[in-house]
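[1] Generate a structure from the sequence data that follows.
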Amino acid sequence: IAMTSGAGSGGGGISACPAKDQTRMTIERMEAERQARRKAMSDRRVERAEEEQRNLAAGNPGDVDFIGLVRKWREAHVGPKQSRPQPRTDRHPKICICVRKRPVTDKERKKHDHDSVTVLTPDSACIHSCKLRVDGITKYIDHSTFRFDYAFDETEDTEAVYVNAALPLIHFICEGKGGRATVFAYGQTGSGKTYTMGGIQSMAVSDLFSLLESNENASCNSDNTFITVSFFELYGGRIQDLLNNREKLKLLEDAKGEIVVTGLEEFEANDTAELMELIDTGNKNRTTHATEANDTSSRSHAVCQIVLRDKSSSKLRGKLSLVDLAGSERGSDTKSHNRQRRTESSEINKSLLALKECIRALDSNGRGNSTHVPYRASKLTLILKDCFTSNMAKSTMITTVSPGASSADHTLNSLRYADRIKEKKVKPAEKIDSSLKSPSSKQPTGARSKSPTRPSRKEETNSKNHIENSREKDSVDDLEILHASLRGQRGEIASVENDDVAELHRTVAHILDEEECLLNMHMMSIQENAELLTEEGRLLNSVSSDQIVDYDIDAYASRLSEILDRKSQLIYALKEKMDYFKSQLKKEEELSRKVPALPGF
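    Numbers count the residues shown, from 1 in each chain. As a prediction, this is how the structure comes out:
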């Protein structure tokens with residue numbers, strides 16, 4: 001009770017007036033705030049549960065907070081879907097880059113992997129990378145937007161991709177002027193590259209015959225043009241013919257610098273069904289293996305070449321190359337793989353890095369700068385050399401991306417790769433590369449023929465000597481150029497790691513070469529041992545046969561000693577080669593442990 005004195009006519013007095021204690025007021029305020037927070041949290045839980053159910057019903061399960069942030073961004077930036085302009089076959093760019101987003105799969109839904117890619121048709125795509133702030137609690141989204149020639153969302157089918165990105169190239173080669181068109185499918189494992197390329201192959205084959213039959217161009221129509229197809233893959237540093245029992249092929253370079261794939265067989269096709277059957281056979285023979293990202297990951301670069309030739313002279317009138325690139329594996333996808341998988345991944349990584357650097361170097365040359373093009377850094381870039389340098393060449397790169405949030409880093413990596421290519425324009429060469437000159441005569445209908453690029457035995461020997469002497473040094477130099485550029489992109493901080501990656505790439509390439517040498521030496525050793533064994537039998541028979549009475553034991557002993565010495569030499573040489581090969585395998589294993597992840601592209 002507070003005692004107070006009052007002033008007035010009656011003089012002083014005392015009144016009792018209870019006043020709330022300040023502490024109690026604070027407690028009541030805190031209690032009210034606590035109740036408000038609890039109610040807000042309860043409402044939020046109910047709201048999150050309802051939102052999660054809506055997301056599940058929409059086929060987009062995952063973190064409700066991140067999904068909400070992505071939805072708010074889309075509400076603020078995505079307007080009504082714009083209609084795509086009608087493609088013009090006569091104005092297709094020399095290099096066309098497009099991106100295709102596939103739908104979320106059931107496997108991703110089971111993992112509660114939400115959609116983190118927004119396609120802003122007709123030409124832009126945005127990646128929403130989920131992040132946590134330094135407190136480890138606060139969630140936010142990092143948005144990265146890229147712009148290309150075309151962008152296709154999950155609602156657009158393969159036909160839309162084909163009509164806009166590939167059909168103009170079919171018209172281009174059917175002009176009969178020797179045009180060379182290339183379609184690349186690029187992206188991470190499981191992003192839909194092979195699915196997209198399969199659809200493009202089917203539609204391209206159908207339209208190719210239709211255009212030739214209806215072509216009013218007298219220089220290229222079904223009456224004076226025939227079609228052949230070849231299909232091969234680059235797998236682990238080897239080239240294999242997918243239409244000829246996976247026969248191993250050799251990539252040779254002659255003294256003029258022309259690239260020759262020796263032993264590659266071409267098949268003539270007379271109609272759509274026949275050509276499609278050959279392509280399906282090649283696709284079935286392609287090498288696939290299970291990885292953490294995909295149960296049937298394409299582990300090879302598959303190259304399908306469809307060639308149009310003149311019926312009378314076999315002159316090249318057009319060539320279409322459909323290149324399904326191997327999955328762009330990174331270290332996180334190969335952590336549980338054996339040496340073979342690691343070696344494959346390293347080769348894939350190196351070839352895609354080399355492909356990017358070749359385009360960058362060609363762009364520099366186009367601006368007047370004298371820059372070496374590192375073709376020999378990989379067999380892929382060596383084979384595809386004319387796809388970029390010919391003045392009658394056009395290329396389309398289709399980058400496929402996975403929508404899942406767990407793949408955001410890989411998706412960002414793929415789009416950065418495509419974005420770098422988008423900014424590059426290839427300098428036209430002064431003349432068409434003649435590495436695929438026409439054969440002098442046409443094969444009979446339906447016949448199986450060796451590739452017209454195959455040289456004679458003498459030329460092949462000269463080419464082999466040339467490439468063995470020069471290519472090894474040039475490939476090492478090109479690898480140095482490739483990794484020097486990579487160091488510049490990644491900064492000095494990652495220089496030590498880049499040195500390890502460069503050494504890993506060199507070691508893997510050396511292992512592949514040494515493996516071939518070891519197998520050849522082993523085979524030659526077996527053959528020579530068999531010959532020596534046969535001679536041993538004759539030698540023994542010459543002194544031990546019942547019909548032999550007079551023989552020279554000194555000659556027998558001398559020759560047997562020579563045979564045994566030769567056997568010892570063969571065994572010692574093979575053992576020495578094997579020990580060196582094993583040391584390189586050990587070196588690769590040590591480097592693989594030092595490199596946490598292969599670099600991005």
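[2] C-alpha from now on. contacts and neighbour counts both.
    Noted.
[3] Quick check: pLDDT value at the closest residue in space to Lys248 that isn't next to it in sequence.
    Among residues not flanking Lys248 along the chain, Gln240 sits closest, at 4.6 Å (Cα to Cα, 6 or more residues apart in numbering). Per-residue pLDDT puts Gln240 at 92.
[4] Does Gln240 belong to a helix, a strand or coil?
    strand (DSSP: H, G, I helix; E, B strand; the rest coil).
[5] quick one: contacts for it?
    232-234, 246-249 (Cα atoms under 8 Å, 6 or more residues apart in numbering).
[6] how about low-confidence regions in the chain?
    1-20, 216-218, 289-298, 328-337, 359-373, 388-389, 422-476, 485-498, 548-549, 596-601 (pLDDT under 70).
[7] Which stretches in it count as helices?
    22-57, 64-77, 106-110, 158-161, 167-173, 193-214, 272-284, 339-366, 379-383, 386-389, 408-422, 457-490, 495-544, 553-594 (DSSP state H).
[8] Just send the ones you listed back as a markdown table, with mean neighbour count and distance to Pro85 too.
    Formatted as a markdown table, the helices of the chain follow (neighbours: other Cα atoms under 10 Å; distance: least, Cα to Cα, whole Å):
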| stretch | mean neighbour count | distance to Pro85 |
| --- | --- | --- |
| helix 22-57 | 13 | 33 |
| helix 64-77 | 15 | 21 |
| helix 106-110 | 13 | 33 |
| helix 158-161 | 16 | 12 |
| helix 167-173 | 23 | 14 |
| helix 193-214 | 18 | 20 |
| helix 272-284 | 17 | 29 |
| helix 339-366 | 22 | 28 |
| helix 379-383 | 21 | 33 |
| helix 386-389 | 22 | 27 |
| helix 408-422 | 20 | 20 |
| helix 457-490 | 16 | 36 |
| helix 495-544 | 16 | 44 |
| helix 553-594 | 14 | 48 |
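[9] As a markdown table, those with distance to Gly136 would be great.
    Output for these, formatted as a markdown table (distance: least, Cα to Cα, whole Å):
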| stretch | distance to Gly136 |
| --- | --- |
| helix 22-57 | 20 |
| helix 64-77 | 14 |
| helix 106-110 | 25 |
| helix 158-161 | 41 |
| helix 167-173 | 49 |
| helix 193-214 | 36 |
| helix 272-284 | 47 |
| helix 339-366 | 33 |
| helix 379-383 | 44 |
| helix 386-389 | 47 |
| helix 408-422 | 19 |
| helix 457-490 | 27 |
| helix 495-544 | 28 |
| helix 553-594 | 29 |
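[10] Any quick PyMOL command for the buried ones out of the contacts of Gln240?
    Those of the contacts of Gln240 that count as buried under 16 or more other Cα atoms under 10 Å are selected in PyMOL with:
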select buried, resi 232+233+234+248+249
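[11] of all the contacts of Gln240, which two lie farthest apart?
    Spatially, the most separated pair among the contacts of Gln240 is Leu234 and Glu247, at 12.0 Å (Cα to Cα).
[12] re the thing from before, the residue nearest to Lys248 pairs with what?
    Note on Gln240: beta-bridge partners by DSSP bridges are Glu233, Lys248.
[13] Roughly how far does it sit from Gly282?
    11 Å (Cα to Cα, to the nearest Å).
[14] so what's in contact with those two at the same time?
    By Cα under 8 Å, 6+ apart, Gln240 and Gly282 have these common neighbours: Phe232.
[15] Kindly list the main-chain dihedrals of the closest residue to Pro103 other than its chain neighbours?
    Of all residues not flanking Pro103 in the chain, Glu154 sits nearest, at 5.0 Å (Cα to Cα, 6+ apart). Reported as degrees, to the nearest 10, the phi and psi values for Glu154 are phi -70, psi -10.
[16] OK, contacts around Glu154?
    100-103.
[17] Please repeat the previous calculation with a cut-off of 7 Å.
    Counting by Cα atoms under 7 Å, 6 or more residues apart in numbering, Glu154 touches 101-103.
[18] From these, pick the one nearest Tyr186.
    Lys101 (12.2 Å).
[19] Across the sheet, point out what pairs with that closest one.
    With DSSP bridges as the rule, Lys101 is bridged to Val401.
[20] Can you report how many residues lie near it?
    23 (other Cα atoms under 10 Å).
[21] hang on, it packs against Val401?
    Yes. Lys101 is within contact range of Val401, at 5.1 Å (criterion: Cα atoms under 7 Å).
[22] any idea how far Arg84 is from Thr76?
    Quick fix: residue 76 reads Ala, not Thr. From Ala76 to Arg84 the distance is 22 Å (Cα to Cα).
[23] next one: Ser406
    Counting by Cα to Cα, the gap from Ser406 to Arg84 is 30 Å.
[24] what do you get for Leu243?
    Taken as Cα to Cα, the span from Leu243 to Arg84 is 38 Å.
[25] same question, Glu576
    Taking Cα to Cα, one finds Glu576 at 64 Å from Arg84.
[26] Please apply the same query to Asp579.
    Asp579 sits 61 Å away from Arg84, going by Cα to Cα.
[27] Also Asp499?
    With Cα to Cα as the criterion, Asp499 and Arg84 are 46 Å apart.
[28] ok, now Asp565?
    77 Å.
[29] One more: Ser583?
    Distance, Ser583 to Arg84, by Cα to Cα: 57 Å.
[30] So Asp43 versus Glu531, what's the distance?
    Computed with Cα to Cα, the distance linking Asp43 and Glu531 is 88 Å.
[31] same deal with Gln584?
    32 Å.
[32] got it, and Thr196?
    Where Glu531 is concerned, Thr196 sits at a distance of 53 Å (Cα to Cα).
[33] thinking Asp324 is in contact with Gly187, fair?
    No. Between Asp324 and Gly187 there is no contact under Cα under 7 Å: 9.7 Å.
[34] beta partners for the nearest residue to Thr121 once chain neighbours are set aside?
    Spatial nearest neighbour of Thr121, excluding adjacent residues (Cα to Cα, 6+ apart): Ala151 at 5.6 Å. Bridge pairing for Ala151 (DSSP bridges) gives the partners Val99.
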